[in-house]
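>>> Need coordinates for the following:
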Amino acid sequence: MEMKKINSGKLRAIGYDARAHLLQVQLDDGSCLQYSAVSEDLWRRFSSSGAAWSFYRDNIEEEFTAKRVSGKAPATINPLDALFGDVDG
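Residues are numbered from 1 along each chain as shown. Take a look at the predicted model:
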């Protein structure tokens with residue numbers, strides 16, 4: 001899917017697969033979210049919006065269920081443990 005770079009709020013890139021009706025957004029933390037059943041009309045309005053972050057929040061984030069397709073997994077180990085060792089014992 002071709003991604004269009006943008007810088008609006010937390011959005012860094014957006015893309016759309018017209019055949020599959022999939023919208024993909026990349027956020028500033030590196031995570032990518034996909035939304036299915038997104039119409040081409042909604043994509044056109046979103047991609048040409050002067051306030052993409054607001055449009056996303058109002059028309060996509062609240063109306064569709066996101067599927068995380070990449071990004072940073074929640075940390076289960078404190079990254080400082082590598083520097084200071086395990087201090088539990």
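>>> which one's the longest helix in this protein?
helix 40-47 (DSSP state H).
>>> Leaving aside the residues adjacent along the chain, what's closest to residue 67?
Closest residue to residue 67 apart from its sequence neighbours, by C-beta to C-beta, 6 or more residues apart in numbering: residue 34 at 4.8 Å. From N, CA and C alone the C-beta is placed, and that goes for glycine too.
>>> list the contacts for the one you found?
By C-beta atoms under 8 Å, 6 or more residues apart in numbering, the contact set of residue 34 is 22, 23, 24, 66, 67, 69.
>>> next SSE after the strand or helix carrying residue 25?
Per DSSP states H and E: residue 25 is located in strand 22-27. Next helix or strand after strand 22-27 toward the C-terminus (DSSP H and E): strand 32-35.
>>> quick one: strands adjacent to that following strand?
strand 22-27 (antiparallel), strand 67-70 (antiparallel) (DSSP bridges).
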